[in-house]
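S.K.: Next input, structure requested:
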Amino acid sequence: MKKNGLLPGGLELGDDFKGPFSACSVGKYIVNLPDEHQVPDLSVIKLVRMVYIAHGWLLGATDGARLLVNEKVEARQKGPAFRSLYETTIQYIGRKPVSDRQRRQKMVEVLAGYRDIEEGAETRLLRHIAKFYGSYDTNTLIERTSLPRSPWKTALSWGDIIIDNKLIADYYRRCLAASVKVEAA
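M.R.: Take a look at the predicted model:
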């Protein structure tokens, strides 16, 4: 089983893993990224989806050997979600994008009490995810995590309320294999 892996764009994760972490800790890291890595128009849904995507890519790149988030992914009616992150942020932030400093600061305050993530494989992954997915709007991330053969759609079709990490790892491993073929061409 692989313990580290290569992500799209050539990011090598390395072996200096520190996690897994709570979804709120991962969300906190994304919200607190420095200006050059900040995610524009960061809504609660966009944050939850980015944490899910990062969790998926890590599972796929490590053949399921490494978890980013130590919580279950729920197959909610409108998509995959980590309940703790969604419920913690939505009650204080609402559904609008955090596009100005005041709203971003509120999200920082809401997540302030959660564990900080030390520099390592996970922080490299999260900066990479912010770079590649951060410019997508919320609706695009919703579409990308709700594709017909996605783990969320599969879990829903099976009547499951929890999306198994093996299902997520298999899906993102296939995505990774497809992206490596495209990059090599």
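
S.K.: Where does pLDDT dip in this structure?
M.R.: 1-10, 93-100, 180-185 (pLDDT under 70).

S.K.: tell me the contacts of the residue positioned nearest the centre of it?
M.R.: Geometric centre of the chain, nearest residue: residue 51, 2.1 Å, by CA atoms, centre = their mean. Residue 51 makes contact with 23, 26-27, 30, 68-69, 82, 85, according to CB atoms under 8 Å, 6 or more residues apart in numbering. Just so you know, the C-beta spots here come from the backbone N, C-alpha and C atoms, and that holds for glycine as well.

S.K.: And residue 25, by the same measure?
M.R.: Residue 25 neighbours (CB under 8 Å, 6+ apart): 114-117.

S.K.: Quick check: phi and psi on it?
M.R.: phi -70, psi -40 (degrees, to the nearest 10).

S.K.: Roughly how far does it sit from residue 146?
M.R.: Distance from residue 25 to residue 146, counting by CB to CB, to the nearest Å: 25 Å.

S.K.: do residue 91 as well
M.R.: In this view, residue 91 and residue 146 are 24 Å apart by CB to CB.

S.K.: if you count what's nearby, which of those two comes out ahead?
M.R.: Taking neighbours as other CB atoms under 10 Å, residue 91 and residue 146 compare with residue 146 leading, 15 against 10.

S.K.: Which element, helix or strand, includes the more buried one?
M.R.: Assignment of secondary structure by DSSP states H and E places residue 146 within no helix or strand.

S.K.: Find the nearest non-adjacent residue to residue 167, please.
M.R.: Spatial nearest neighbour of residue 167, chain neighbours left out: residue 151 (4.5 Å); criterion: CB to CB, 6 or more residues apart in numbering.

S.K.: Next, count neighbours for the one you found.
M.R.: 26.

S.K.: Quick one: residues contacting it.
M.R.: 56, 73, 80, 163-164, 167-168, 171.

S.K.: Over to residue 45?
M.R.: 79, 95, 138, 141-142.

S.K.: how about the helices in this protein?
M.R.: Chain-ordered helices for the chain, with DSSP state H as the definition, fall at 23-31, 44-61, 83-93, 101-111, 121-133, 138-144, 151-158, 165-184.

S.K.: Check the offset of the fifth one from the chain's centre.
M.R.: For helix 121-133, the separation from the chain centroid amounts to 9 Å (computed by CA atoms, centre = their mean, to the nearest Å).

S.K.: what comes into contact with it?
M.R.: Outside helix 121-133, the residues that touch it by CB under 8 Å, 6+ apart are 4, 7-9, 11, 13-19, 21, 26, 29-30, 33, 37-39, 50, 53-54, 57-58, 66, 68, 117, 141.

S.K.: among these, which ones are buried?
M.R.: 4, 7-8, 11, 13, 17, 19, 21, 26, 29-30, 33, 39, 50, 53-54, 57-58, 66, 68, 117, 141 (16 or more other CB atoms under 10 Å).
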